[in-house]
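Peer 1: quick one, fold the following:
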Amino acid sequence: MILPAHRMSTAVLDELAAGRGGERAVAQLRAAQHSKTLLLLRAMLLLVRERAHPDRAAVEAAYQVLAEVPPPDRLAALAHPPVAAWAFGTVSLLEAGNASTAYPGLLAAVAVAAAVRAGTDTELDVPLARDANGLLDLPGLGTATLPATAAQARVQVTGGQAWVTAAGTRVAIVAGRSSDRRWRPLSRLDVTHDGLKLSLLLDTRTWRHVPGLDRRPCFSVGHTGAWRSRLDGAWRMLVEHHRPVAEEISALLRTLVPIAAPRTSTRSGTFHHAFGSVVMSLPPDARSTAVALAHEVQHAKLAGFTDMFAVLERGPTELFYAPWRPDPRPLDGLLHGVYAHLGVAGFWRRQEQVTEPGAARHAAQVHFVRWTRAAADTVAVLGIQPRLTPVGRRLVHGMAGVLDRWQAEPVDARAATEADRLLAAHRARWDRHRAPTG
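Peer 2: The predicted model follows:
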């Protein structure tokens, strides 16, 4: 598998620095992520040989099968976000000498998934994870339930059909629903509006193989209807009023990982090494869902960008105030927060422009002013940091230019006063919690 060289023009870089980028930038980031995953798989192959890992034979066979699968189907299998996160975490464990806690044998399941997608005839043995209890996850496809005593499964793909066999049990792998309860395909949510589609796999199963992540199940099929309703309303709003952001989300996001909501709010996030995934608790309404997606796509773009370019030099760990967090943040976390809230401020700027006068429009303008000023204040802190590389400085400069223009726009005095009050209250709470006692 030959890897291409990856370059980014200054025009695309500057678009990303302004918080945009579009489908062109997303395509370049995705291509670089694919090369990153291929490099990790090559490193995994070398490490299992060097460490004489029990999964060595399975990894070698899987690597060969992947090389023979047509590139589009191989890409689809390897681009499944938890696969990329698993590859990074597994290589990290192997390099650290923690081979006993790694599960490189999952590569055989990834290769099977690629072969099934392509209809490529193959036969592979897949070692099951030590705590699998008979569950075989085929990333991006589904889960086969086998006898709990099974330590290995054999998967056959022939003539466009696929089966998994273990301990005398045979389960057919099919696309979509199956009458056999031993095969559970992943659920998918597709929403389309005005010709633009968002297609997300609802996957929590493959994540249990990612080192360091919580393994508790987070998603119930019973919640699919609620998620569909939220995404349908959010997608309509994004496509109609935030089309460039919707185009980026459509091109970038591939999986949704539903999680339990905290008691008093909602939660969302991204994994740096799982490009294309978003973690979310169920938002209360469509608008909250749209804001969360606009926020998280910024994190995903910046994660992909910082994999391609160093934006910070190494240095001592320093912690900084972030006007959107209760806790101090390191410099890279501060940079991520600014970039994400540049997207949030832009969302509310556009939303205010399409909202009828009244309470909803006032609230949108308060959000716009608050997050614009919060991001601008934080960009000023970032701009004087000596650890910024030339690319990092260009990124910060681009954000500052956008925020300066937005701050110069006229705003309602009441909205500005309320935004300043919210900013001051956040800072006061932060200072109070860190004041010395005694």
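
Peer 1: low-confidence ranges, the stretch 101-250 of the chain, go.
Peer 2: Scanning the stretch 101-250 of the chain for pLDDT under 70 picks out 214-223.

Peer 1: and Asp404, which of the three is it?
Peer 2: Following DSSP: H, G, I helix; E, B strand; the rest coil, we place Asp404 in the helix state.

Peer 1: chain neighbours aside, what residue packs nearest to it?
Peer 2: Ala376 (7.2 Å; C-beta to C-beta, 6 or more residues apart in numbering). From N, CA and C alone the C-beta is placed, and that goes for glycine too.

Peer 1: need phi/psi at the spatially most central residue of the chain.
Peer 2: In the chain, the C-alpha nearest the mean C-alpha coordinate belongs to Ser277, at 2.9 Å (C-alpha atoms, centre = their mean). Backbone torsions of Ser277, given as degrees, to the nearest 10, read phi -110, psi 150.

Peer 1: what about it, distance to Ala303?
Peer 2: Note on Ser277: its distance to Ala303, by C-beta to C-beta, to the nearest Å, is 11 Å.

Peer 1: and for those two, which residues touch both?
Peer 2: Thr270 (C-beta atoms under 8 Å, 6 or more residues apart in numbering).

Peer 1: what about the strands in this protein?
Peer 2: 122-127, 135-138, 142-145, 152-158, 161-166, 169-173, 183-185, 187-193, 196-202, 255-259, 268-269, 277-281 (DSSP state E).

Peer 1: the shortest one - contacts with which helices or strands?
Peer 2: Same thing as strand 268-269. Under the contact criterion of 3 or more C-beta pairs under 8 Å, 6 or more residues apart in numbering; DSSP states H and E, strand 268-269 touches strand 277-281, helix 286-308.

Peer 1: got it, and the third one?
Peer 2: The helices and strands touching strand 142-145, judged by 3+ C-beta pairs under 8 Å, 6+ apart, are strand 135-138, strand 169-173, strand 183-185.

Peer 1: looking at those, which is buried most?
Peer 2: Counting by mean count of other C-beta atoms under 10 Å, strand 135-138 has the highest mean neighbour count of the helices and strands packed on strand 142-145, with a mean of 24.

Peer 1: so what touches it?
Peer 2: Taking C-beta under 8 Å, 6+ apart as the rule, strand 135-138 contacts 106, 109, 112-113, 116, 126, 128, 143-146, 153, 155, 164, 166, 173, 205-206, 208-209.

Peer 1: quick one: the helices in the stretch 251-400 of the chain?
Peer 2: With DSSP state H, counting those that start in this stretch as the definition, the stretch 251-400 of the chain shows helices at residue ranges 286-308, 331-353, 359-383, 390-407.

Peer 1: so what touches the shortest one?
Peer 2: Residues external to helix 390-407 that are found in contact with it (C-beta under 8 Å, 6+ apart): 13-14, 16-19, 305, 309-312, 335, 338-339, 342, 345-346, 349, 368, 372-373, 375-376, 379-380, 382-383, 388.

Peer 1: what sits against Gln336?
Peer 2: Small correction: residue 336 is His, not Gln. Here His336 is in contact with 299, 302-303 (C-beta under 8 Å, 6+ apart).

Peer 1: try 7 Å
Peer 2: Shown in contact with His336 (C-beta atoms under 7 Å, 6 or more residues apart in numbering): 299, 302.

Peer 1: also the one 10 residues further on?
Peer 2: Neighbour list for Gly346: Gly19 [criterion: C-beta under 7 Å, 6+ apart].

Peer 1: for the remainder of this discussion, apply numbering that starts at 356.
Peer 2: Happy to do that; since the first residue is 356 now, the last one works out to Gly701.

Peer 1: tell me, how many residues neighbour the closest residue to Arg591 other than its chain neighbours?
Peer 2: Spatially, and ignoring its direct neighbours in sequence, Arg591 is nearest to His548 (4.9 Å; C-beta to C-beta, 6+ apart). Neighbour count for His548, taken as other C-beta atoms under 10 Å: 17.

Peer 1: now Asp545
Peer 2: 12.

Peer 1: setting aside sequence neighbours, what's the nearest residue to it?
Peer 2: Asp545's closest residue in space is Ser554 (C-beta to C-beta, 6+ apart), at 4.9 Å.

Peer 1: that neighbour reaches Ser542, doesn't it?
Peer 2: No. Under the criterion of C-beta atoms under 7 Å, Ser554 makes no contact with Ser542, lying 11.7 Å away.

Peer 1: looking at those two, which is more packed in?
Peer 2: Ser542 (17 against 13).

Peer 1: distance of the closest residue to the more buried one other than its chain neighbours relative to Arg591?
Peer 2: Closest residue to Ser542 apart from its sequence neighbours, by C-beta to C-beta, 6+ apart: Leu557 at 4.3 Å. Leu557 sits 20 Å away from Arg591, going by C-beta to C-beta.

Peer 1: do the same with Pro599
Peer 2: In terms of C-beta to C-beta, Pro599 sits 16 Å off from Arg591.

Peer 1: more crowded one of these two?
Peer 2: Higher neighbour count among Pro599 and Arg591: Arg591, with 17 against 14, using other C-beta under 10 Å.

Peer 1: state the pLDDT value of Ile357.
Peer 2: Ile357 is assigned 67 on the pLDDT scale.

Peer 1: who's in contact with the nearest residue to Val467 once chain neighbours are set aside?
Peer 2: Leaving aside its sequence neighbours, Val467 sits nearest to Val510 (C-beta to C-beta, 6+ apart; 4.6 Å). By C-beta under 7 Å, 6+ apart, Val510 lies in contact with 467, 479, 481, 517, 519.

Peer 1: which of those has the most neighbours?
Peer 2: Val467 (28 neighbours).

Peer 1: surely it touches Glu478?
Peer 2: No. Judged on C-beta under 7 Å, Val467 makes no contact with Glu478 at a distance of 9.5 Å.

Peer 1: show me what the residue nearest to Ser542 is bridged to.
Peer 2: When assigned by DSSP bridges, Leu557 has beta-bridge partners Ser542, Leu611.
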